[in-house]
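>>> I need the structure of the sequence given here:
(chains A, B, C and D)
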2 protein chains.
Amino acid sequence: MRAASAPRNARAHALDLIRQKIVTMELSPGSQISENELAGQIGLSRTPVRESLILLAEERLVVVVPQVGTLVSPIVESEIATSQFVRESLELAALAESVGRATPAQIMALNALTDAQRAADKRGDTEDFFALDEEFHAALMDISGHGSAWRTVGQAKAHLDRARRLSLTTTSQMGTLIEQHQAVVDALEAGRGEEATSSLRSHLRKVFDDITVIREQNPEYFAAPVTTGRRR
Amino acid sequence: MRAASAPRNARAHALDLIRQKIVTMELSPGSQISENELAGQIGLSRTPVRESLILLAEERLVVVVPQVGTLVSPIVESEIATSQFVRESLELAALAESVGRATPAQIMALNALTDAQRAADKRGDTEDFFALDEEFHAALMDISGHGSAWRTVGQAKAHLDRARRLSLTTTSQMGTLIEQHQAVVDALEAGRGEEATSSLRSHLRKVFDDITVIREQNPEYFAAPVTTGRRR
DNA sequence: TGCGGTCTACTTGTATGGTAGTGTGCATGA
DNA sequence: TCATGCACACTACCATACAAGTAGACCGCA
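Predicted structure coming up:
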């Protein structure tokens, strides 16, 4: 979400703030946080902070242990795999329905986004790059007519993004990702559905595969495949 | 969710209760509810009830208007379409990955579920039928190894189920649904992936199409395709 | 009769106090 | 030295009080 522009109320503000801290790794996975402490930092009472944490727990970004504490979810491989599965399934299904539906204006908008990404790449602006990446995928999904399903993708994506942030220092691969975006747009414009979906699939897989590399480089943030003792 | 067995705490209890009231149409779409009133009924204070409503708002099952009130979400066609898209995409993608992975024990479990559904059909027990339906689809997804993505499907499914409940009086079609389940299991067991996915797709589509019929019969619960003035 | 302002009842939002449960560290004793 | 029990500090959970805002009823007036 690029636009956290409208602080509808204090809770929404707190929620955006805390989620950002988690996804950007400012709050590192596994670290303990407390309602009191966060409330103090943000300048609110415990109530809106607590409500935010409940929502974040629903997103699996934090784990609340009753009477014990709240901690930032460790990056669990199975969780990432699930997020990848959800994202990939929804984006590919949407793209398949988009073939032949995309208007010239929509294609233009996608091209504008890839251009903007190239500019961000040259500037080395990884933050903007990530924001544009988000916009691109959202716009792509919107063409299918299932834009409102982006909410679901966004939740899954949060887990992936958190892991990806660990590699944002290595900006060398941004060019590759942009060209993969472009390949999807070009195939979509030409009406080549198979090519579009296969391009998008390999793009999403590449992002996913990068994470496994990241894991080897930053094992401290990754948890063992714990079975949390919770029954399904 | 068949098992609301473990009342982990008061809020989880309230959440299950309220969600059930909504999905079973005990709280009709569009009707206004209040934190105080619900708290009184359940026998809790506003706090856990309020937290439950926040979560339900995130699921789009209720709409909270600040300082005005909370109302059960009307059944909006676009919302149902999105839910259908999410459910269909995830279940089909999972099934495609399940082909060749299903163990004999898993196939047996699926067959046991269809048998149980036939029994429920004979008894005319629609509640049990719905619960078994849920179990069946969850078990099917679990085989793919992406069982934890069922959470996501479950949220989408809640919207669909609510609309389906309107037709639970017409139990005549339960037999058809069961045989569609069986067709999926049989194809999966035989390793015929294409047949399995196409069977599941037509099954899910049938459920979806039923809803459009329901709409014509119960227009009062359906809202016009309102653009709620909310920017994406 | 119709219009306008005010007042009240009710809503959700936020702050705060008390409760129950958990983990930790320290003192005590073997 | 090590094990054990206990007190304490800390947590999230829930209840309650207060604040901010809205909608509608009601009354006065033109």
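
>>> What are the buried residues along the helix or strand encompassing A:Val63?
For A:Val63, the host element (DSSP states H and E) is strand A:62-65. Under the neighbour-count criterion of 16 or more other Cβ atoms under 10 Å in any protein chain shown, strand A:62-65 has A:Val62 buried. Using the backbone N, CA and C atoms, a C-beta is placed for each residue, glycine as well.

>>> Which elements pack onto it?
Other helices and strands packing on strand A:62-65, by 3 or more Cβ pairs under 8 Å, 6 or more residues apart in numbering or on different chains; DSSP states H and E, are helix A:46-58, strand A:69-72.

>>> and DNA strand C, which of the ones you listed is closest to it?
DNA strand C lies closest to helix A:46-58 among the helices and strands packed on strand A:62-65, at 3.7 Å (Cβ to the nearest atom of the strand).

>>> Does chain B have contacts with the closest one?
Yes. Using Cβ under 8 Å from any Cβ of the partner chain, helix A:46-58 comes into contact with chain B via A:51, A:54-55, A:58.

>>> What average pLDDT does that helix get?
Average pLDDT, helix A:46-58: 97.

>>> I'd like the distance from the residue lying farthest from the centre of chain A to B:Leu15, if you could.
Here the centre of chain A is the reference, and by Cα atoms, centre = their mean the most remote residue is A:Gln67, at 30.5 Å. Per Cβ to Cβ, to the nearest Å, A:Gln67 is found 19 Å from B:Leu15.

>>> Which segments of chain A make up each domain?
A:10-74, A:76-219 (automatic domain parsing).

>>> Now find how far off-centre the first one is within its chain.
In terms of Cα atoms, centre = their mean, to the nearest Å, the gap separating the centre of domain A:10-74 from the centre of its chain is 18 Å.

>>> Compute the first-to-last residue distance for that domain.
Taking Cα to Cα, to the nearest Å, domain A:10-74 runs 27 Å from one end to the other.

>>> Point out the most buried one among the helices and strands packed on strand A:62-65.
helix A:46-58 (a mean of 20; mean count of other Cβ atoms under 10 Å in any protein chain shown).

>>> That one packs against which elements?
Applying 3+ Cβ pairs under 8 Å, 6+ apart, one finds that helix A:46-58 contacts helix A:10-23, helix A:35-42, strand A:62-65, helix B:46-58.

>>> can you redo the domains of chain A as a markdown table with distance to B:Gly124?
What follows is the domains of chain A, written out as a markdown table (distance: least, Cβ to Cβ, whole Å):
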| stretch | distance to B:Gly124 |
| --- | --- |
| domain A:10-74 | 36 |
| domain A:76-219 | 35 |
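
>>> Not counting residues beside it along the chain, what's closest to A:Asn218?
Excluding the flanking residues, the one nearest A:Asn218 by Cβ to Cβ, 6 or more residues apart in numbering or on different chains is A:Leu166, at 5.2 Å.

>>> Let me know the distance separating the one you found from DNA strand D.
25 Å (Cβ to the nearest atom of the strand, to the nearest Å).

>>> wait, doesn't that residue sit right on A:Ile214?
Yes. Counting by Cβ atoms under 8 Å, A:Ile214 is a contact partner of A:Leu166 at 4.8 Å.

>>> buried stuff in the longest helix anywhere in chain A?
Ordering each helix of chain A by length in residues (DSSP state H) puts helix A:193-217 first. Going by neighbour count (16+ other Cβ under 10 Å), the buried part of helix A:193-217 is A:193, A:195-197, A:199-200, A:203-204, A:207-208, A:210-211, A:214-215.

>>> chain center to that helix, what's the gap?
14 Å.

>>> do that helix and chain B meet at all?
No. Residues of helix A:193-217 are not located near chain B by Cβ under 8 Å from any Cβ, the shortest gap being 11.2 Å.

>>> Specify the next element, helix or strand, located C-terminal of that helix.
That would be, after helix A:193-217 and using DSSP H and E, strand A:222-223.

>>> who's in contact with that following strand?
Residues outside strand A:222-223 that contact it (Cβ atoms under 8 Å, 6 or more residues apart in numbering or on different chains) are A:29-30, A:74-77, A:215.

>>> sorry, back to before: let me have the helices and strands packed on helix A:46-58 in JSON lines, adding distance to DNA strand C as columns.
Output for the helices and strands packed on helix A:46-58, formatted as JSON lines (distance: least, Cβ to the nearest atom of the strand, whole Å):
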{"stretch": "helix A:10-23", "distance to DNA strand C": "3"}
{"stretch": "helix A:35-42", "distance to DNA strand C": "7"}
{"stretch": "strand A:62-65", "distance to DNA strand C": "7"}
{"stretch": "helix B:46-58", "distance to DNA strand C": "6"}
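
>>> okay if I get these as JSON lines plus distance to A:Tyr221?
Output for the helices and strands packed on helix A:46-58, formatted as JSON lines (distance: least, Cβ to Cβ, whole Å):
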{"stretch": "helix A:10-23", "distance to A:Tyr221": "12"}
{"stretch": "helix A:35-42", "distance to A:Tyr221": "20"}
{"stretch": "strand A:62-65", "distance to A:Tyr221": "15"}
{"stretch": "helix B:46-58", "distance to A:Tyr221": "27"}
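
>>> Residues of chain A that sit close to DNA strand D?
A:33-37, A:46-47, A:50, A:54, A:64-70 (Cβ under 7 Å from any atom of the strand).

>>> can we see that at 10 Å?
By Cβ under 10 Å from any atom of the strand, the residues of chain A that approach DNA strand D are A:9, A:32-39, A:45-47, A:49-51, A:53-54, A:57, A:62, A:64-71.

>>> how close does the residue nearest the centre of chain A sit to A:Met141?
For chain A, the residue nearest the mean C-alpha position is A:Lys157 (3.0 Å; Cα atoms, centre = their mean). Note on A:Lys157: its distance to A:Met141, by Cβ to Cβ, is 11 Å.

>>> again, but for A:Phe85
Taking Cβ to Cβ, one finds A:Phe85 at 16 Å from A:Met141.

>>> low-scoring stretches of chain A, by residue?
Scanning chain A for pLDDT under 70 picks out A:1-7, A:167-172, A:224-232.

>>> Do I have it right that A:Gly175 meets A:Asp121?
Yes. Using Cβ under 8 Å, A:Gly175 is in contact with A:Asp121, at 6.0 Å.

>>> okay, those two: which has more neighbours?
Neighbour count, other Cβ atoms under 10 Å in any protein chain shown: between A:Gly175 and A:Asp121, A:Asp121 has more, with 19 against 13.

>>> what residues are up against the more buried one?
Contact partners of A:Asp121, counting by Cβ under 8 Å, 6+ apart, are A:129, A:171, A:174-175, A:178.

>>> which of those are buried?
Among those, those classed as buried by 16+ other Cβ under 10 Å are A:129, A:174, A:178.

>>> export those to JSON lines and tack on distance to A:Asp115 and secondary structure?
Converted to JSON lines, the buried ones among the contacts of A:Asp121 look like this (distance: Cβ to Cβ, whole Å; DSSP: H, G, I helix; E, B strand; the rest coil):
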{"residue": "A:Phe129", "distance to A:Asp115": "13", "secondary structure": "helix"}
{"residue": "A:Met174", "distance to A:Asp115": "14", "secondary structure": "helix"}
{"residue": "A:Ile178", "distance to A:Asp115": "9", "secondary structure": "helix"}
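
>>> Thanks again, I'm all set now.
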